[in-house]
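# Need a 3D model of the following:
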Amino acid sequence: MALLESSTTQLGSSMPSFTLNDANGRAFSRDELCGEKGLLVIFSCNHCPYAVAVWPRLVELANYGKQLGIHSVAINPNIHPDYPEDAADKMPAFAAKMGISFPYLVDDTQAVSKSYDAQCTPDMYLLDYNGELVYRGRIDDNWQDETRVTRQDLKSAMQALSVGKAPIIPQYPSMGCSIKWH
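Residues are numbered from 1 along each chain as shown. Here you go, the predicted model:
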């Protein structure tokens, strides 16, 4: 598994709308998922050790964000025959195990992941209500050990968005396994 950092996307960029299905075939659109303040879009998967390490924090942040009017959605771009742990039929059990209470969607064509220029799992995008990017980067400053975190970047960005403040600067890239492109 190759370690990769997320790329930089210009803050204020209008991010593409999308409609994807969950593993049970229920369709969700970006616009219907958005909360009154915004939407956290998480590109992740079931098997990447970087993603698995931070899933509990992402679940906690999604619950926190919901109180602020920011909803969350996760998108699995790793629907690839060489990675059976990430298969759509494995996603519901994984979501239950991790306590994921927000939609976990299947990007089997990888079109949405490519349109966002997602690079790794996890790769997080915080959008305002209009679908404009206000944050793209890491969750915090220590993905390996939550007890050693000193800076919660994504949480700070969510707080700023919820009260209409400018995005936090600088933004540090997320890092994780490369997306398994077809």
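
# Identify the residues contacting the residue nearest the centre of the chain.
For the chain, the residue nearest the mean C-alpha position is I42 (0.9 Å; CA atoms, centre = their mean). Applying CB atoms under 8 Å, 6 or more residues apart in numbering, we find I42 in contact with L58, S72, V73, A74, I75, P122, D123, M124, Y125. Every C-beta, even on glycine, is put in place using the N, C-alpha and C of the backbone.

# Report the secondary structure state of it.
I42 carries the three-state label strand when classified by DSSP: H, G, I helix; E, B strand; the rest coil.

# beta partners for it?
Beta-bridge partners for I42, by DSSP bridges, are A74, M124.

# which residues does Y64 contact?
Shown in contact with Y64 (CB under 8 Å, 6+ apart): K155, M158.

# could you redo the last one with a cut-off of 7 Å?
Y64 is in contact with K155, counting by CB atoms under 7 Å, 6 or more residues apart in numbering.

# so L68 sits right up against K37, yeah?
Yes. Contact status for L68 versus K37: in contact at 6.1 Å, counting by CB atoms under 7 Å.

# Give the residues shared as contacts by these two.
S162.

# so where do the strands sit in the chain?
3-5, 19-22, 27-29, 38-43, 70-76, 104-106, 120-121, 123-128, 133-137, 175-178 (DSSP state E).

# helices or strands up against the third one?
What that stands for is strand 27-29. strand 19-22 (3 or more CB pairs under 7 Å, 6 or more residues apart in numbering; DSSP states H and E).

# What ranges does this structure have for its helices?
For the chain, the helices defined by DSSP state H cover 30-33, 49-68, 91-98, 111-116, 153-162.

# what about dumping the CA coordinates of the last one to PDB?
Think helix 153-162. This file holds the C-alpha atoms of helix 153-162, laid out as PDB (Å, rounded to 0.1, in the frame of the first residue of the first chain):
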ATOM      1  CA  ASP A 153      -7.800  20.700  11.900                       C
ATOM      2  CA  LEU A 154     -11.000  19.300  10.400                       C
ATOM      3  CA  LYS A 155     -13.000  20.000  13.600                       C
ATOM      4  CA  SER A 156     -11.700  23.600  13.600                       C
ATOM      5  CA  ALA A 157     -12.800  24.000  10.000                       C
ATOM      6  CA  MET A 158     -16.200  22.700  10.800                       C
ATOM      7  CA  GLN A 159     -16.500  25.100  13.700                       C
ATOM      8  CA  ALA A 160     -15.500  28.000  11.500                       C
ATOM      9  CA  LEU A 161     -17.900  27.000   8.700                       C
ATOM     10  CA  SER A 162     -20.800  26.700  11.200                       C
END
